[in-house]
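Engineer: Task: produce atomic coordinates for the following.
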Amino acid sequence: MRVLKRTKIVATLGPATDDLEVLEKLFWAGVDVVRLNFSHGSAQDHIDRANNVRAVIAKTGYRVGILADLQGPKIRIARFANDKVWLNEGQEFALDINLGENEGDHGQVGITYEPLANEVGEGSRLLLDDGRIVLDVVNVERGRVNCVVAVGGQLSNNKGINLLGGGLSATALTEKDIEDIQTVAAINADFVAISFPRSADDMNYARKLLNEAGCYASLVAKIERAEAMEAMDEIILASDVIMVARGDLGVEIGDANLPAAQKQLIKRARQLDRAVITATQMMESMIDNPIPTRAEVFDVANAVVDGTDAIMLSAETAMGKYPVKAVESMTRICLETEKQQSVRKSKHRVDTHFSRVDEAIAMSAMYMANHSDINGLIALTQSGATPLWMSRISSGLPIFAFSSQESTLGKVTLYRGVIPVHFSLEAQDHAEVNREIIEVLKKHGYAKKGDTFIITKGDLTGQEGGTNAMKVVTVGEGLIPA
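Structural biologist: Just a heads-up that it's a prediction; the model follows:
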C-alpha cells in the first residue's frame, strides 16, 4: 500500500522512464498521473509509453491516469548557421520571415510564425527563450521586425517567442494537434491538455474534435497566455481541469505578477468545481541533482497550501538523472505540508443553496467528516461528480471513489484527496453493499477494526447523478466486518 497523500503528482514520461522497473518505482513513489508530452517523440513513442503504464497498472493494481499534452502553436525563431549567437545589450537584431531556415547570424534570424510582422509594432517587447533574451521592436518593414536588444545573452536554434502582454493570434490547435488527436483516441487517454487557449471557443472546438475521434477524456486548459487570464472564468467553465503553465504565462504577464496569478487561478478553479494542476520548474534542479533546492521545496509547499489538486514534474522525470528521487521528494513535501491545520480547514460554499440532491449530499458528507471522528469517505460513483465536489473542500481525510467505470477511475486520479477503487456493484441490498465496500478497503489496507467511514451512494441503479443517501458505518459493528 502506498502512503496516502492528498495532493496528486503528475510525472512526465520520457527516455528516463522507459524502463519498466523505473516506471513501477515511480508508481510506488507517489505518481498519480503520467503525462505524455506530444511536443516530443513520435506517435508510436506515446503509444508504447501508454502500453507500459497499463502494464504496470495491471502488475501493481494501482490506477494512475494518463494525460496527453498536445503541443499547440510553436512561435519560434528558426536556426542559425552556426547553431547559436551571442547578443549584446543595445545592438540591433532582426526577426525576418523572409530569411532562410538555417541562415541566422549575429544580426538576424528567421521565424516560423508568419503573422508576427503584422501583430507587433514600434514599442512592442518580445521575449525569447522563456524571457532570457528581450528585444524591443523599433519598426517593421516587409516581414522584417527590426529590434534593439534590451537583455542580451546566448541565443540558440528554435527558441520560443512571446509578446509581453500577449496578443499573438496563433490558434490553440494546429494541424499537428489535429493529427495527434487520433493517437490520443487510440491511447484512450484520461486527460487531454490544450496549449495556449485564449477563450472558451478554443476549448469547445477541442472537445468537439476529440469527441468526433471517439475520445471523451477530461479536457485540460493550459493557462499560458495573458488573454487567458482575462477570460479566466469562461475557460475554466469550458474545461474539466486547468493547468497553471507558469513558463509561458510568466513570460507574458511578467514574473512579478505570476505568484498572484497562480493563487487566483487555483482559487477560482476550486470555486467553480474544476481541478487544477500547477506546473513548470517545480523541481528543475533535480534534473541534475539528487535533492531539491530550498526554494523548490517552498514552491511545492506553497502550491499545496494554495489548494492545487496536482503538482507536475516535466524534464525532472522525462529526462532527468533522478526521476524516482524527484517524485519521492515531492511526496515528502506534500505529506508534511498537508499536516498544517490551514490546509485541512475549509469555508468552501458554506453559504450556497444547492439545487441538486447529489451535490448537497457530497457537501453534507464532507462537513460531517470534518467535524466528527471519521476516518474517511467512500463515494459510489458513476460519473465521478460526487468525489469531485467532495475534493473541493479542504480536509485531511481520504476520499475513496468506488466505481466500475474505467473512465471515471481515470478521471478521479487527478482530484485532490481522492483514491480510485475499482468496484463492480452486484448486490442490490444496501447493507450487503456496505459490507462488500469495507471488505475491499480492508483488502487494500485502508480499513481496520474501529474505523468509521461515511458512505454516499444512490439507489444502486448504476445511473449517473443518482447519489441521494449517506450512511455512517464503523468496522466491526453490526453487518460491517471487523
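
Engineer: Enumerate every residue touching D32.
Structural biologist: Contact analysis of D32 by Cβ atoms under 8 Å, 6 or more residues apart in numbering lists 8-10, 64-65, 310, 413-414. Every C-beta, even on glycine, is put in place using the N, C-alpha and C of the backbone.

Engineer: got it, and F93?
Structural biologist: 87, 107-109, 135, 147-149.

Engineer: check which helix or strand covers it.
Structural biologist: strand 92-96 (DSSP states H and E).

Engineer: Can you name the element that comes right after that strand?
Structural biologist: Next in sequence after strand 92-96, counting helices and strands by DSSP H and E, comes strand 108-110.

Engineer: going on from the helix-or-strand element of the chain with minimal mean pLDDT, what's the next piece of helix or strand?
Structural biologist: Every helix and strand of the chain was ranked by mean pLDDT, DSSP states H and E. The lowest is helix 341-344, at a mean of 65. Using DSSP H and E, the next helix or strand after helix 341-344 towards the C-terminus is helix 357-370.

Engineer: In that next one, which of the residues would be classed as buried?
Structural biologist: 358-363, 365-366, 369-370 (16 or more other Cβ atoms under 10 Å).

Engineer: In terms of distance to L237, which of those residues ranks first?
Structural biologist: Nearest to L237 out of these is E359 (Cβ to Cβ; 16.1 Å).

Engineer: where exactly do the strands run in the stretch 301-450 of the chain?
Structural biologist: Under the criterion DSSP state E, counting those that start in this stretch, strands of the stretch 301-450 of the chain are mapped to 310-313, 376-380, 399-403, 418-422.

Engineer: just the stretch 51-200 of the chain next, same as before
Structural biologist: Going by DSSP E, counting those that start in this stretch, the stretch 51-200 of the chain shows strands at 65-69, 84-87, 92-96, 108-110, 125-128, 133-141, 144-151, 153-156, 161-163, 191-194.

Engineer: before we move on, back to that, of the contacts of D32, grab the buried ones for ChimeraX.
Structural biologist: To isolate the buried members of the contacts of D32 in ChimeraX, using 16+ other Cβ under 10 Å:
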select :8,9,10,64,65,310,413,414
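
Engineer: where are the low-confidence patches of the stretch 201-350 of the chain?
Structural biologist: 342-350 (pLDDT under 70).

Engineer: next one: the stretch 51-200 of the chain
Structural biologist: Residues of the stretch 51-200 of the chain meeting the criterion pLDDT under 70: none.

Engineer: Tell me who's in contact with I236.
Structural biologist: 221, 242, 268-269, 272, 274.

Engineer: Looking at the residues you listed, which are in helices?
Structural biologist: Residues from these lying in helices, with DSSP state H as the criterion: 268-269.

Engineer: could I get the contacts of I236 as TSV with neighbour count?
Structural biologist: Below are the contacts of I236 laid out as TSV (neighbours: other Cβ atoms under 10 Å):
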residue	neighbour count
A221	28
I242	29
R268	15
A269	27
L272	15
R274	22
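
Engineer: closest to E92 among the contacts of I236?
Structural biologist: Using Cβ to Cβ, A221 comes nearest to E92 of those, at 38.5 Å.

Engineer: Confirm for me that that closest one is in contact with L249.
Structural biologist: No - counting by Cβ atoms under 8 Å, L249 is not a contact partner of A221; they are 11.9 Å apart.

Engineer: got any residues that touch both of these two?
Structural biologist: With contacts taken as Cβ under 8 Å, 6+ apart, the residues that reach both A221 and L249 are A228.

Engineer: Among the contacts of F93, name the buried ones.
Structural biologist: For those, buried by 16+ other Cβ under 10 Å: 87, 108-109, 135, 147, 149.

Engineer: quick check: domain ranges of this structure?
Structural biologist: The record assigns the chain these domain ranges, following automatic domain parsing: 8-72+171-338, 84-163, 357-474.

Engineer: mind checking how far the last one is from the chain centre?
Structural biologist: Okay, so that is domain 357-474. 23 Å (Cα atoms, centre = their mean, to the nearest Å).

Engineer: cool, the longest one as well?
Structural biologist: The chain centroid and the centroid of domain 8-72+171-338 are separated by 3 Å, computed with Cα atoms, centre = their mean.

Engineer: Give me the phi and psi angles of the most centrally placed residue in the chain.
Structural biologist: Nearest to the mean C-alpha position of the chain, by Cα atoms, centre = their mean, lies I277 at 3.7 Å. Main-chain torsions, I277, degrees, to the nearest 10: phi -110, psi 130.

Engineer: For stretch 414-430, measure first residue to last.
Structural biologist: End-to-end distance of stretch 414-430 (Cα to Cα, to the nearest Å): 29 Å.

Engineer: give me every residue that touches P290.
Structural biologist: For P290, the contacting residues are 321-322, 325, by Cβ under 8 Å, 6+ apart.

Engineer: repeat that with 10 Å
Structural biologist: Contacts for P290 (Cβ atoms under 10 Å, 6 or more residues apart in numbering) come out as 321-322, 325-326, 329.

Engineer: cool, and V440?
Structural biologist: 378, 400, 402, 421-423, 446-447 are the contacts of V440 under Cβ under 10 Å, 6+ apart.

Engineer: how near is it to F453?
Structural biologist: According to Cβ to Cβ, to the nearest Å, V440 and F453 sit 12 Å apart.

Engineer: Overlap in contacts, these two.
Structural biologist: 378, 400, 446-447.

Engineer: now, among those residues, which is nearest to A50?
Structural biologist: Nearest to A50 among the shared contacts of V440 and F453: F400, at 25.6 Å, using Cβ to Cβ.

Engineer: ok, the spatially closest residue to the closest one that is not a sequence neighbour to A303 distance?
Structural biologist: Of all residues not flanking F400 in the chain, I378 sits nearest, at 4.7 Å (Cβ to Cβ, 6 or more residues apart in numbering). Using Cβ to Cβ, I378 is found at 28 Å from A303.

Engineer: still on that earlier bit, show me which of the shared contacts of V440 and F453 is closest to A231.
Structural biologist: F400 (35.7 Å).

Engineer: For the closest one, the count of nearby residues, please.
Structural biologist: Close neighbours of F400, defined as other Cβ atoms under 10 Å, add up to 26.

Engineer: now it: how far from R54?
Structural biologist: Look at F400 and R54: by Cβ to Cβ, they are 22 Å apart.

Engineer: Now do the phi/psi pair for G445.
Structural biologist: Dihedral pair for G445: phi 80, psi 20, per degrees, to the nearest 10.

Engineer: In CSV, could you pull the C-alpha coordinates for stretch 260-272?
Structural biologist: C-alpha atoms of stretch 260-272 as CSV (Å, rounded to 0.1, in the frame of the first residue of the first chain):
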residue,chain,number,x,y,z
ALA,A,260,-0.7,36.3,-7.6
ALA,A,261,-2.0,34.8,-10.8
GLN,A,262,-1.2,31.2,-9.6
LYS,A,263,-3.2,31.8,-6.4
GLN,A,264,-6.1,33.4,-8.3
LEU,A,265,-6.3,30.6,-10.8
ILE,A,266,-6.2,27.9,-8.1
LYS,A,267,-8.8,29.6,-6.0
ARG,A,268,-11.2,30.3,-8.9
ALA,A,269,-10.9,26.7,-10.3
ARG,A,270,-11.9,25.3,-6.9
GLN,A,271,-14.8,27.7,-6.6
LEU,A,272,-16.1,26.6,-10.0
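
Engineer: Nothing else from me, thank you.
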